[in-house]
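Visitor: A structural model of the following input is requested.
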Amino acid sequence: MARVKRGVTTHARHKEMVKLGKSYRGRASTNYRVAIEKVEKALRYSYRDRRARKRDFRALWIQRINAGVREHGLTYARFINGLKRAGIDLDRKQLSELAATEPAAFKVLVEQAQAALKAA
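Guide: A predicted model of the protein is given here:
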């Protein structure tokens, strides 16, 4: 029976891993054993941080909304409650954009939220 030489697949696997670590410093960009460690660590970080990014942006949006709402004498929690009572369905990303770039439109939303809170 003929002997199967596996150098081709091994070389391809090594080459792929070194390619992923191409931009790293030192031996991590050229040495397979070091590249494995660095690439796997980088992939773990990217997986974790894709989820963390969502949390970070939501926190940023809430801070921007809170800053915009406090200019009109309301807190973030009461503002969100007022919007829900008024039946206004805008997500926090849109609200933060309005607070930062369109103060007049945001003021209208704040007034509607305040009216809904007084009516309840």
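Visitor: Just give the closest residue to residue 93, not the sequence neighbours.
Guide: residue 61 (5.5 Å; C-beta to C-beta, 6 or more residues apart in numbering). The way it works is simple: take the backbone N, C-alpha and C, and place the C-beta from them, glycine included.
Visitor: For that neighbour, give its distance to residue 29.
Guide: As judged by C-beta to C-beta, to the nearest Å, residue 61 and residue 29 stand 38 Å apart.
Visitor: between these two, who's got more neighbours?
Guide: A count of neighbours by other C-beta atoms under 10 Å puts residue 61 above the other of residue 61 and residue 29, at 19 against 16.
Visitor: so what's the more buried one up against?
Guide: 92-93, 95-96 (C-beta atoms under 8 Å, 6 or more residues apart in numbering).
Visitor: In stretch 10-27, which residues are buried?
Guide: Neighbour-count burial for stretch 10-27, counted by 16 or more other C-beta atoms under 10 Å, picks out 17-18, 20-21, 24.
Visitor: Work out for me the element residue 74 sits within.
Guide: Following DSSP states H and E, there is no helix or strand that holds residue 74.
Visitor: Isn't it up against residue 116?
Guide: No. With contact defined as C-beta atoms under 8 Å, residue 74 does not count as touching residue 116 (11.7 Å).
Visitor: Now list whatever residues contact both of the two.
Guide: With C-beta under 8 Å, 6+ apart as the test, residue 74 and residue 116 both reach residue 82.
Visitor: Roughly how far does the nearest residue to residue 76 once chain neighbours are set aside sit from residue 27?
Guide: Among residues not flanking residue 76 along the chain, residue 66 sits closest, at 3.9 Å (C-beta to C-beta, 6+ apart). Distance of residue 66 to residue 27, given as C-beta to C-beta: 48 Å.
Visitor: just residue 21 next, same as before
Guide: Relative to residue 27, and taking C-beta to C-beta, residue 21 is found at 9 Å.
Visitor: Residues that sit against both of these two, list them.
Guide: Common neighbours of residue 21 and residue 27 (C-beta under 8 Å, 6+ apart) are 34-35.
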